[in-house]
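S.K.: Dropping a prediction and its sequence here:
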Amino acid sequence: MFLWGTATASYQIEGAVTEDGRGTSIWDTFAHEPGRIRDGHTGDVACDHYRRWSEDVTLMSDLGVNSYRFSISWPRIQPEGTGKVNEAGFGFYDRLVDELCERGIVPAATLFHWDLPQALEDKGGWLNRDTAHRLAEYAGIVAERLADRVPMWITLNEPFIHMVFGYALGAHAPGRTLFLDALPTAHHQLLGHGLAVQALRAARAGQVLITNNCTPVWPASGSAEDLRAADAYDTLHNRLFNDPILTGAYPDMSAYGVAALDAVQDGDLEIIAQPLDGLGINYYNPTRIAAPATPPGPGELPFEDAGITGYPTTAFGWPVVPDGLRELLTGLRARYGDALPPVYVTENGCSQPDEPGPDGVVDDQARIAFLDGHIGAVRAAVAEGVDVRGYYVWSLLDNFEWAEGFNQRFGLVHVDFATQKRTPKASYHWLRERIAAQ
Ligand code: PNW
């Protein structure tokens, strides 16, 4: 059964940040620091999904999807990130999962979509190797409670984006600006993934995946310098996170002046490379890369983003390149061969400045074109031999888009954040027909 789904994340939709014993996450702290989020928005209320989940499941059921990817808020389950379990934190997920099962929607649960318990950040967050063990502890607790009804588990969401935006550049929580010194957070997240896989297997948790954000890398020219720069970017963005999982070895990082990741200890790669039941891929756009104008000094990046022109763009300014998804999927197959497990596109979507017209209709034709093109790209990749088993639209609802607050709307369903009124957009109606026509 091909999985058609929508995807969300806890901090982006739930709200209710102090309800039922939930602890503080790094996103609560970050969003309340002045100047961090556009217009001072926070996820305190977000889509109020914590209270409106039943209405939101009905929206999915009416859409006709057969799967839902959501994330579990770690600080709801373990307010301090370790030790004491907050039983009340399970109430919400128990009800959600039961309702999904009743409606024939396969729950796909992400354990970590960036909302680390603040108490763990206070001990160094993902710079601290111990956080990997804490993820496994939490994974075991959650799986013991939910694995009887959740057949699909995703350990981490986009460890690359979490490393770069959270720890290297500071645009996301926890807001650290460590540049290349953020690299240990890649290894510790991947180790956490591997240890969480062990905990999930011990709890007989069914299918286990990781979700990586991947991008096809286009050299800005055929010059040796640009080709080298593109290779360096591909290594950092794609291979640093896919190679250890699929091949058991890190790629050569010498372009970054790093001989080997010094956080790696004996035995870590065996833990990281345990077999998976699938690889989750989030795709938004390709990246065009040039060599820096002057050769990089120590600690400087060996590439520059050269920008992509000649394509439509989303409200974020991201280029719309549907064929990039076909290119990415066939490229993964070519690179990893039979080591590539079945692939699930766990996120794909676009932001548009959608507002209801006078007739109440949100006529998001650009999103329809986006989805149509990208679904076509998945079909093309399948025709070229890639085993793709699912496609999840980001996102069900307009939601808290991290540093952009509520200013970027990715939903199939419009949310009026003043009233919490949900209005399915034209793309929602289009996708329902598209899924029904399968
Ligand atoms: C993903 N980039 O993040 C996340 O998994 C979602 O939570 C998020 O809402 C969605 O994509 C849309 O942004 C990304 O700059 C953040 O390339 C940034 C990038 C890509 C993905």
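M.R.: Sure, I can see it.
S.K.: The stretch 51-200 of the chain: helices as residue ranges?
M.R.: 74-77, 88-102, 118-121, 130-146, 159-161, 184-202 (DSSP state H, counting those that start in this stretch).
S.K.: How far off centre is the fourth one?
M.R.: With Cα atoms, centre = their mean, to the nearest Å as the basis, the distance from the averaged C-alpha position of helix 130-146 to the chain average is 19 Å.
S.K.: out of everything not next to it in sequence, what's closest to Pro70?
M.R.: No Pro there; residue 70 is Phe. Thr8 (5.3 Å; Cβ to Cβ, 6 or more residues apart in numbering). Any C-beta I mention is one placed from the backbone N, CA and C, and that applies to glycine too.
S.K.: Equivalent analysis for Trp114, please.
M.R.: In space, Trp114 is closest to His162, 5.6 Å off (Cβ to Cβ, 6+ apart).
S.K.: OK, contacts around the one you found?
M.R.: Contacts here follow Cβ atoms under 8 Å, 6 or more residues apart in numbering; on that basis His162 touches Trp114, Trp126, Leu156, His172, Thr185, Gln189.
S.K.: residues from the stretch 251-400 of the chain in reach of the ligand?
M.R.: Where the stretch 251-400 of the chain comes near the ligand, counting by Cβ under 6 Å from any ligand atom, the residues are Asn282, Tyr284, Glu347, Trp394.
S.K.: Looking at the third one now. What's its pLDDT?
M.R.: Confidence per residue is given as pLDDT, and for Glu347 that number is 99.
S.K.: And it, how close does it get to Arg434?
M.R.: 18 Å (Cβ to Cβ, to the nearest Å).
S.K.: ok, Asp323 touching Ala377?
M.R.: Yes: contact criterion Cβ atoms under 8 Å: Asp323 and Ala377 qualify, at 5.9 Å.
S.K.: who's more crowded, those two?
M.R.: Ala377 (24 against 15; other Cβ atoms under 10 Å).
S.K.: give me the element the more buried one is part of.
M.R.: According to DSSP states H and E, Ala377 maps onto helix 365-383.
S.K.: What helices and strands are in contact with whichever helix or strand comes after that helix?
M.R.: Next helix or strand after helix 365-383 toward the C-terminus (DSSP H and E): strand 388-394. In terms of contacts (3 or more Cβ pairs under 8 Å, 6 or more residues apart in numbering; DSSP states H and E), strand 388-394 is packed against strand 3-7, strand 67-71, strand 343-347, helix 365-383.
S.K.: Please name the strands paired to strand 388-394 in the sheet, noting orientation.
M.R.: Paired strands of strand 388-394, with direction, are strand 3-7 (parallel), strand 343-347 (parallel) (DSSP bridges).
S.K.: how about the helix or strand following it, does it get close to the ligand?
M.R.: Where DSSP H and E defines the elements, the next helix or strand beyond strand 388-394 is strand 413-416. No: under the criterion of Cβ under 6 Å from any ligand atom, the ligand is not reached by strand 413-416; the shortest gap measures 13.9 Å.
S.K.: what is the mean pLDDT for strand 413-416?
M.R.: Here the average pLDDT along strand 413-416 is 98.
S.K.: Can you tell me what sits against it?
M.R.: Under Cβ under 8 Å, 6+ apart, the answer for strand 413-416 is 47, 59, 354-356, 362, 396-399, 421-425, 428.
S.K.: Would you mark the buried spots in it?
M.R.: Across strand 413-416, burial judged by 16 or more other Cβ atoms under 10 Å covers Val413, His414, Val415.
S.K.: ok now that strand, how far from the chain's centre?
M.R.: Counting by Cα atoms, centre = their mean, strand 413-416 comes out at 21 Å from the chain centroid.
S.K.: pretty sure Thr211 is in a strand, no?
M.R.: Yes: checked against DSSP: H, G, I helix; E, B strand; the rest coil, Thr211 lies within a strand.
S.K.: Once you drop chain neighbours, what's closest to it?
M.R.: Per Cβ to Cβ, 6+ apart, closest to Thr211 is Gly280, 3.3 Å.
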